[in-house]
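> Sequence and predicted structure below; questions after.
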Amino acid sequence: MRKNQVQAVVVMDFIHVLEYLWKAAHCLHDKKDKTIENWVAERAFKVLKGQCSQVAKGIRQSASKRKLENREAIDKCADYLLKNNLEKQVKVALRRSSVKRFSHC
């Protein structure tokens, strides 16, 4: 088998990020709350901007301030964002995609 030198960037599946954010949102908001979609969208955009640790910290603080007893989904979401080093992956992917765009001009 021949080895090729290929550079690849692996970015965590953003769908999983959204799933975790929705589960966390349901811990913090009523299911009928109309602001829940905006809450998820705001945090999703922050993740895409590479602000994963801020999102993780913020949702944990919200759960603590509300003294939630059932916060498993909150902690799983925060752990996922931090454990998978999404912040670094997003920054690397954005940097490489901008290099590719400019190099193809």
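That came through, no problem.

> now the helices for the chain?
Assignment of helices within the chain using DSSP state H yields the ranges 14-28, 36-48, 52-65, 72-83, 86-103.

> tell me the contacts of Arg39?
Just so we're on the same page, residue 39 is Trp rather than Arg. 25, 28-29 (C-beta atoms under 8 Å, 6 or more residues apart in numbering). (C-beta placed from N, C-alpha, C; glycine too.)

> Likewise for Ile15?
Counted by C-beta under 8 Å, 6+ apart, Ile15 has zero contacts.

> how much space between it and Thr35?
22 Å (C-beta to C-beta, to the nearest Å).

> And for Asn70?
20 Å.

> who's more crowded, those two?
The neighbour count for Asn70 versus Thr35, taken as other C-beta atoms under 10 Å, is higher for Thr35 (11 against 8).

> what residues are up against that one?
By C-beta under 8 Å, 6+ apart, the residues touching Thr35 are His29.

> residues near the closest residue to Arg60 other than its chain neighbours, how many?
Closest residue to Arg60 apart from its sequence neighbours, by C-beta to C-beta, 6 or more residues apart in numbering: Ala78 at 5.2 Å. By the criterion of other C-beta under 10 Å, Ala78 has 23 neighbours.

> Tell me the pLDDT of the nearest residue to Leu21 once chain neighbours are set aside.
Excluding the flanking residues, the one nearest Leu21 by C-beta to C-beta, 6+ apart is Val40, at 4.9 Å. Val40 carries a pLDDT value of 97.

> likewise Val6?
Reported pLDDT for Val6: 61.

> Now for the residue nearest to Leu21, how many residues are close by?
17.

> so it makes contact with Lys23?
No. If you go by C-beta atoms under 8 Å, Val40 and Lys23 don't touch, sitting 10.0 Å apart.
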